[in-house]
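Asks: test case, fold it:
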Amino acid sequence: MQAPRKAHVRLQTAALLALLAFICYWNSLRASFHYDDYPMILDIDWNTPKYLLHILRYQPQRFVVFSSIWLNYALGGLNPSGYHFFNVAVHGLNSVLIFLLAEKLFAFGFAPSLGTLTGKSVRMNSHSQVPSLTGQSRGKLGEPSGSARLAAFAVGALFAADTALTQSVSYIQGRSSSLCTLFFLASFYSYCAAAEHDIEGTVGDKTGKPVSLFAALRKKDSDGVMAGNKIMTVFRILSATVTFVLACMTKEIGVTLVAVLVIFEFVYVLRCRARNLRVNTILRLLPFALVLGSVFVARVLLYGAIGEVRSIREFWPNLLTQLSINVTYIRMLLLPIGLSIEHDYPIYHSLSEIRVIYSLALLCGLIVAAVAAVRRMPMFTFGFSWFLITLLPTTLIPIWDVISEHWLYLPSVGYFLMVGGLLENLVRRHLCGNDKKQRDAVAVIILVAIFLYGSGTILRNTVWRNGATLWADAVEKAPNRVRPRTNLAMALADRGETRKAIDELRIALSIDPYSYEAHSNLGTIYSREGEYDRAVEQFQLAIAIFPDPFNPPPMEVMNVARAFYNMGLAYQQMGRFNSALQAYDKAIRVAPQMGEAYSNMGTVYFAMGRHAEAEMSFKKALSINPSLDLARKNLELLEGLTP
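Replies: Numbering: from 1, shown residues only. Now for the predicted structure:
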């Protein structure tokens, strides 16, 4: 009866964590689309199945994310509530998985050592309630102690409520981090289950020599029962490998799972010091190594490099800056203040800078503490390793932004495992013992922390309500950054506050006169106001920023094409049809697959009475994008006029 009861309690705890996640994020369901949601959701024709095939071919590392968006669109169209509900559901699942994983790792705190396997008595690790094993007994991982179960619950609950993770949940495109984490955790949990079965399946022969799992599979114990379950082990490794592939097809950071698995083996499994367990470790890791190699090869074939293709900043300044940011991430998780979609973070260039010295000293201190704690607090050691490993991609590879809160989602799992390891050790060794009052006091402190973080999350969600509130918050916290002001300007313009929008863009241009976004957005607002001459001037300034507008950097192709396209729209509204045709033609030269430019060229040709050229333009537009309804209607109208 005890096992079903424990399973029932575990199920109740999982339901409670999922409910906590929903309570913390219920008000995010009313939020709007934001920032990258527009090009990634609203500007894509999700009725065209070929788009997913295009993503699978050219961006396989994001295929799962785009598939989830397609699913949202199929179920609820462009209602943002459905997209936000999906994000909250994924966060709830992750909270449950982290709780289960923490319990599993606490159980791994006790694993049979070589003494167990050879018939010698060994001391039990007090994470687990299993007595010492002797003789030829099979090592079996025990149930976590009361302090470990409390710590595991705290790990899951703090993750569900922590305000620092709001961007990954309330921002729809933040699902790239949360979905990757979901598959990452599922893969790791399945791998742990396979390793657990491996340890339990390792038995001794009559001479007291350890026998590998694979040899044990051919043996029977005294009751005639197979010593190992080969099918279940293979299934767990297979499921772990499949979910690892899904993690890699969700976000690039998924590849760091291989390094996390290696650390897990060293911290929890190989301390058993049984030679055959080492062999089994290599066999378990082999499919993950093959997948990792395939990912690297595919990335080189697609992009010509494993890391970032563009040259953003030099390696050394990026490394020094990221070391400081890693400490900032820890501070955010512990004390989530100053959160923003845009941070104004300095770039460091020398080891002699105070912030770099402080950050490096703190990280080195934590590394020393993690190494020293590997026997008494293996979860602390493993959690800190997880945190550092999953931050390695942004630490070593310079990318456009230096800091982003949704990059913290997967590394935060390691942080909360560290907290769980410290909490369990503190409760078990120094505070409670069997004193119920002290245990209750610790539980109350944990609940207060969950309440404070949860309240902060609910409050932070109000900032994500719409574009105006989000970018006004960013402007307040990073007033010298251009991007918050350009995005706030468009949000204000959408609300009809044109004068305020123009003022924000002028401030942005005073900060950076060569900002493409500021010039382009200002041109768009002038077009809306009917000031087409001023709009054309701004679009020309935006295009002039690029030395060779017909051969821009790959990431800027659509920006340049849109500037030409918007300039064509302005000319078209002014009745300057020849200038409009020239602008649309330039947009097509930059981005040949821009169907809207062909459609508008057809409209201009039609207005000029050049029906044959109009027909060709409409047909070309529809061949590129069959969902262009205006091009289809104009083509039908034109064909109806043809005798």
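
Asks: contacts, neighbours, all on C-alpha from now
Replies: Will do.

Asks: now the element after the helix or strand where residue 155 lies, going C-ward?
Replies: Under the criterion of DSSP states H and E, residue 155 resides in helix 146-161. Downstream of helix 146-161, the next assigned helix or strand under DSSP H and E is helix 166-170.

Asks: could you dump that next one to PDB, C-alpha only?
Replies: Presented in PDB, the C-alpha positions along helix 166-170 are these (Å, rounded to 0.1, in the frame of the first residue of the first chain):
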ATOM      1  CA  THR A 166       8.400  36.000 -16.900                       C
ATOM      2  CA  GLN A 167       9.800  36.900 -20.300                       C
ATOM      3  CA  SER A 168      10.100  33.200 -21.300                       C
ATOM      4  CA  VAL A 169       6.400  32.600 -20.500                       C
ATOM      5  CA  SER A 170       4.600  35.900 -21.200                       C
END
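
Asks: list the helices and strands the helix or strand that that helix is followed by packs on?
Replies: As assigned by DSSP H and E, the chain's next helix or strand after helix 166-170 is helix 175-201. Where contact means 3 or more C-alpha pairs under 8 Å, 6 or more residues apart in numbering; DSSP states H and E, helix 175-201 is packed against helix 63-76, helix 80-108, helix 166-170, helix 213-216, helix 230-248, helix 257-264, helix 275-303, helix 409-425.

Asks: give me the mean pLDDT for helix 175-201.
Replies: The pLDDT scores in helix 175-201 average 88.

Asks: between helix 409-425 and it, find me the angle.
Replies: Per axes from the mean of the first three to the mean of the last three C-alpha atoms, to 10 degrees, the angle that helix 175-201 makes with helix 409-425 is 50 degrees.

Asks: buried residues in helix 175-201?
Replies: Within helix 175-201, the residues that qualify as buried are 175-201, counting by 16 or more other C-alpha atoms under 10 Å.

Asks: give me the angle between it and helix 63-76.
Replies: 120 degrees.

Asks: ok so, going back, quick one: residues in contact with the helix holding residue 155.
Replies: 13, 17-18, 20-21, 24, 91-92, 95-100, 102-103, 106, 127, 412-413, 416-417, 419-421, 423-424, 427-428, 443, 446, 449-451, 453-454, 457 (C-alpha atoms under 8 Å, 6 or more residues apart in numbering).

Asks: reformat the helices and strands packed on helix 175-201 as CSV; add distance to residue 352 and mean neighbour count.
Replies: Formatted as CSV, the helices and strands packed on helix 175-201 follow (distance: least, C-alpha to C-alpha, whole Å; neighbours: other C-alpha atoms under 10 Å):
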stretch, distance to residue 352, mean neighbour count
helix 63-76, 41, 18
helix 80-108, 39, 24
helix 166-170, 33, 27
helix 213-216, 53, 20
helix 230-248, 37, 20
helix 257-264, 31, 19
helix 275-303, 36, 16
helix 409-425, 27, 25
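
Asks: how far is the helix holding residue 155 from where the chain is centred?
Replies: 22 Å (C-alpha atoms, centre = their mean, to the nearest Å).

Asks: C-alpha coordinates for it, CSV please?
Replies: What follows is helix 146-161, C-alpha atoms only, in CSV (Å, rounded to 0.1, in the frame of the first residue of the first chain):
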residue,chain,number,x,y,z
GLY,A,146,11.5,14.0,4.2
SER,A,147,14.0,16.8,3.9
ALA,A,148,14.7,15.8,0.3
ARG,A,149,11.0,15.7,-0.6
LEU,A,150,10.6,19.2,0.9
ALA,A,151,13.5,20.5,-1.1
ALA,A,152,12.3,18.9,-4.3
PHE,A,153,8.9,20.6,-3.9
ALA,A,154,10.6,23.9,-3.2
VAL,A,155,12.7,23.5,-6.4
GLY,A,156,9.6,23.0,-8.6
ALA,A,157,7.5,25.7,-6.9
LEU,A,158,10.2,28.3,-6.9
PHE,A,159,10.7,27.6,-10.6
ALA,A,160,7.0,28.0,-11.3
ALA,A,161,6.8,31.3,-9.5
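
Asks: for residue 358, see how far away residue 352 is.
Replies: The gap separating residue 352 from residue 358 is 10 Å, by C-alpha to C-alpha, to the nearest Å.

Asks: ditto for residue 189
Replies: Taken as C-alpha to C-alpha, the span from residue 189 to residue 358 is 35 Å.

Asks: repeat for residue 561
Replies: Remark: distance between residue 561 and residue 358 (C-alpha to C-alpha) = 46 Å.

Asks: compare these two (neighbour count), which wins?
Replies: residue 561 (27 against 14; other C-alpha atoms under 10 Å).

Asks: which non-adjacent residue is nearest that one?
Replies: residue 587 (4.4 Å; C-alpha to C-alpha, 6 or more residues apart in numbering).

Asks: OK, contacts around the residue lying closest to residue 30 once chain neighbours are set aside?
Replies: Spatially, and ignoring its direct neighbours in sequence, residue 30 is nearest to residue 81 (6.0 Å; C-alpha to C-alpha, 6+ apart). The neighbours of residue 81, taking C-alpha under 8 Å, 6+ apart as the test, are 29, 30, 31, 32.

Asks: tell me how many other residues surround the first one.
Replies: Meaning residue 29. Neighbours of residue 29 using other C-alpha under 10 Å come to 20.

Asks: do the same with the third one
Replies: Other residues near residue 31 come to 21 when the count uses other C-alpha under 10 Å.

Asks: so it versus residue 576, what's the distance?
Replies: Residue 31 sits 41 Å away from residue 576, going by C-alpha to C-alpha.
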